[in-house]
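**Q** sequence? don't have it. structure:
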Ligand code: ADP
């Protein structure tokens with residue numbers, strides 16, 4: 001059964017960590033739009049040149065461009081059985097085009113949306129402090145002012161997707177505060193309940 005799982009949540013919610021684990025567990029790729037864009041910037045591709053400034057400012061890459069990037073990725077054979085989408089969709093526009101896209105590439109549609117819930121103060125602490133981790137490898141977008149901008153963008157553009165997917169009956173809220181293993185267990189329980197339903 002092909003299956004598209006979306007991880008939703010504010011920046012710093014731990015989506016990436018859980019997406020990697022879940023992808024390994026489900027045997028499908030993790031598709032992180034943030035990682036893909038950062039790779040494009042690092043390799044200085046035409047896409048990278050277009051998005052670098054946008055990313056550094058903490059703003060969103062235009063929907064049309066993201067749609068191309070995601071469609072091209074989900075069309076690849078390794079996604080034939082599904083994917084864990086991490087960081088996509090992030091706007092109403094992206095969400096509205098995702099179901100048709102999923103159908104075009106042979107994945108039925110969005111199966112389940114896991115919403116990682118983390119209080120705003122906690123998230124701000126995590127993303128403005130990220131640069132201190134990992135031996136000083138500062139990510140250009142992780143200074144405090146940029147962190148605030150990313151949160152503002154999340155609130156304005158992405159948070160409404162919680163309601164959007166709740167109304168469609170595919171949203172599952174996951175408490176995102178706790179250890180990586182605790183959160184992983186909550187995700188697994190939610191997916192199991194899904195399968196049993
Ligand atoms: P986070 O650290 O918040 O999880 P990501 O690593 O997912 O952030 O993304 C980093 C940056 O890449 C975003 O701030 C944005 O500029 C760009 N980006 C990633 N995914 C998208 C998307 N779906 N739509 C628009 N821009 C995106």
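**A** Right, received. Where do you want to start? Keep in mind that what you see is a predicted model, and the values were worked out from it rather than measured. Numbering: from 1, shown residues only.
**Q** Skip the chain neighbours and tell me the closest residue to the residue in the chain that the ligand sits nearest to.
**A** Nearest residue of the chain to the ligand: residue 34, at 2.1 Å (C-beta to the nearest ligand atom). Placement of C-beta: from N, CA and C, glycine included. Nearest residue to residue 34 in three dimensions, chain neighbours excluded: residue 87, at 4.7 Å (C-beta to C-beta, 6 or more residues apart in numbering).
**Q** re earlier: residue contacts, the residue of the chain closest to the ligand?
**A** Counting by C-beta atoms under 8 Å, 6 or more residues apart in numbering, residue 34 touches 16, 86, 87.
**Q** In this structure residue 8 contacts residue 117, no?
**A** No: when contacts are counted by C-beta atoms under 8 Å, residue 8 is not listed as touching residue 117 (9.6 Å).
**Q** Going by neighbour count, which residues in the helix or strand harbouring residue 127 are buried?
**A** Taking DSSP states H and E as the criterion, residue 127 maps to helix 120-129. For helix 120-129, burial by neighbour count (16 or more other C-beta atoms under 10 Å) applies to 123, 124, 126, 127, 128.
**Q** Of those residues, which is the nearest to residue 155?
**A** Set against residue 155, the nearest of the buried residues of helix 120-129 by C-beta to C-beta is residue 123 (10.7 Å).
**Q** Scan the protein for its longest strand.
**A** Assignment by DSSP state E gives strand 110-117 as the longest strand of the chain.
**Q** and the residue nearest in space to the middle of the chain, what are its phi and psi?
**A** The C-alpha lying nearest the average C-alpha coordinate of the chain belongs to residue 87 (C-alpha atoms, centre = their mean; 1.9 Å). Phi and psi for residue 87, reported as degrees, to the nearest 10, are phi 90, psi 10.
**Q** got a list of what it touches?
**A** 7, 15, 16, 32, 33, 34.
**Q** My understanding was that the second one contacts residue 84; is that so?
**A** No: using C-beta under 8 Å, residue 15 is not in contact with residue 84; the gap is 9.4 Å.
**Q** Please identify every residue contacting each of the two.
**A** residue 7.
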